[in-house]
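Peer 1: here you go, sequence then predicted model.
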Amino acid sequence: MGNIRLHDKSFRPFIDNDTIEKAIDKVAARINADYKDSEDIPVLLCVLNGSILFTAELMKRLNFKCEIVCVKLSSYVGTKSTGEVRDIIGMTGSVNGRRVIIVEDIIDSGKTIANLTKMMDSSGATETRICTMLLKPGCYKLDLSIDYVAMEIPDDFIVGFGLDYDGLGRNFKDIYVLDENMRYYILFGPPGAGKGTQAASMAERFNLCHISTGDLLRGEMASGSELGLKAKALIEAGELVPDEIVEGMIERKFDTVEGYSGFLLDGFPRTTAQAEALDKMLAKRETKVTGVVSLMIPDGMIKERIKHRAAIEGRADDASDETISNRIKTYHEKTEPLVEYYKAAGVYNEIDGTGTIEEVRGRVNSLMESL
Ligand code: AMP
């Protein structure tokens, strides 16, 4: 189970379906025990839309005669409870003279349940009990006791198993919680420092989406796209491609990628303008760069490493001495100032990039675990 994305937000797995089903088994068993000798036909009041799935699952497990009535009474707009109960759409049947079990998906402040209980009284119900799939005990402040609770959760915004975020997410069989902490790491360093080599294992270990702007651009070049053609001459000369091209690529990834706890940016940002653009993209998402992992190797080692890579990967921009020298020059002139930029932001972390791949990996992992 990975993260899911609904509208502009990411949610991480929280309660799996098996746990939910088992909790419903238990709560249904308690209700069955309490109603086993009833001579009347109690009514389950399904509070639309959120408790559709829970009501269905609960009802399947009940072994006494019962009926269902639906009511719509929603108090959620977006991710915050407004505290106001809105959109009252009447009941689909009568509860007059009947025992009622209100079936809710989630109870937090308790406003909804207070209103519903009053509504049951004025509609002639002879007894009202409350059953909820989820209760946020930290938010619930009413004296009214809740008879049946399947699961208790902290005060988080959740979706799935009937619960939605602005209409979406009800159909997931597991429950997900809002993941406000999408992480954004920058893998920094001169060309040949081993960023690409370390990125794969970092991405896997920390469930990050690895975005290498160099790889994306090489992909464009290989496909012969217009963008690839534009980039080719610059890349092969060891120059940078225009900021807006790479910024667009990064933002498209942020908007579309799902299932990760964050991103690992490799080869981006490479200029102060790109760093500022990244800050803006993250500000829009109400977040910031989580950390910069800077792999440092001495200048003398850069050429040696690139030549070694050229023999293995055959990259066009690794081939000529002149291109390599220009990339190193471009790095010092345009990219290195970002060290100060990120030091000032308090997110810069430098690692010794010399030694074997495993040695560097060990340093990277212990740094990442501390961030
Ligand atoms: P890399 O694979 O990261 O070494 O990138 C290869 C080449 O792609 C660079 O030398 C640049 O020409 C281009 N490139 C990659 N990322 C960027 C970026 N963030 N800004 C501008 N050009 C980039």
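Peer 2: Happy to help now that I have it.
Peer 1: near the ligand, which residues of the stretch 51-200 of the chain show up?
Peer 2: Within the stretch 51-200 of the chain, the residues that sit near the ligand (C-beta under 6 Å from any ligand atom) are residue 191. Backbone N, C-alpha and C define where each C-beta goes, glycine included.
Peer 1: identify the residue nearest the residue of the chain found nearest the ligand in space, chain neighbours excluded?
Peer 2: Nearest residue of the chain to the ligand, counting by C-beta to the nearest ligand atom: residue 214, 1.9 Å away. Nearest residue to residue 214, sequence neighbours excluded (C-beta to C-beta, 6 or more residues apart in numbering): residue 267, at 4.6 Å.
Peer 1: can you report phi and psi for that neighbour?
Peer 2: phi 90, psi 10 (degrees, to the nearest 10).
Peer 1: contacting residues around it?
Peer 2: 195, 212-214 (C-beta atoms under 8 Å, 6 or more residues apart in numbering).
Peer 1: the residue nearest to residue 316 when sequence neighbours are not counted: neighbour count?
Peer 2: Once flanking residues are discounted, residue 316 sits nearest to residue 236: 5.4 Å by C-beta to C-beta, 6+ apart. For residue 236, the neighbour count with other C-beta atoms under 10 Å is 15.
Peer 1: right, and residue 63 touches residue 33 too?
Peer 2: No: counting by C-beta atoms under 8 Å, residue 63 does not reach residue 33; the two are 10.3 Å apart.
Peer 1: okay, those two: which has more neighbours?
Peer 2: Using other C-beta under 10 Å, the more surrounded residue of residue 63 and residue 33 is residue 63, with 11 against 8.
Peer 1: just read off the phi/psi values of the nearest residue to residue 190 once chain neighbours are set aside.
Peer 2: The spatial neighbour of residue 190 that comes closest, neighbours along the chain excluded (C-beta to C-beta, 6+ apart), is residue 331 at 4.9 Å. Phi and psi for residue 331, reported as degrees, to the nearest 10, are phi -60, psi -50.
Peer 1: look up how far residue 217 lies from the residue nearest to residue 214.
Peer 2: 9 Å (C-beta to C-beta, to the nearest Å).
Peer 1: picking up where we left off before, possible to save the contacts of residue 267 as TSV with secondary structure?
Peer 2: Listed next are the contacts of residue 267 as TSV, based on DSSP: H, G, I helix; E, B strand; the rest coil:
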residue	secondary structure
195	helix
212	strand
213	helix
214	helix
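Peer 1: packing partners of the lengthiest helix in the chain?
Peer 2: Taking DSSP state H as the criterion, the chain has its longest helix at helix 17-35. Packed against helix 17-35 by the contact rule (3 or more C-beta pairs under 8 Å, 6 or more residues apart in numbering; DSSP states H and E) you find helix 52-61, strand 127-135, strand 148-152.
Peer 1: now for the first one, which elements pack on it?
Peer 2: With contacts defined as 3+ C-beta pairs under 8 Å, 6+ apart, the packing partners of helix 52-61 are helix 17-35, strand 43-48, strand 99-107.
Peer 1: give me the contact list for that helix.
Peer 2: Under C-beta under 8 Å, 6+ apart, the answer for helix 52-61 is 21, 24-25, 27-29, 31-32, 44, 46, 66, 68, 103-105, 131, 133, 150, 161-162, 170.
Peer 1: export whatever helix or strand residue 209 lives in as PDB, just CAs?
Peer 2: If you go by DSSP states H and E, residue 209 is part of strand 208-212. This file holds the C-alpha atoms of strand 208-212, laid out as PDB (Å, rounded to 0.1, in the frame of the first residue of the first chain):
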ATOM      1  CA  LEU A 208      11.100   8.600  -2.400                       C
ATOM      2  CA  CYS A 209      10.400   9.400  -6.000                       C
ATOM      3  CA  HIS A 210      13.800  10.000  -7.600                       C
ATOM      4  CA  ILE A 211      13.700  12.800 -10.100                       C
ATOM      5  CA  SER A 212      16.900  13.300 -12.100                       C
END
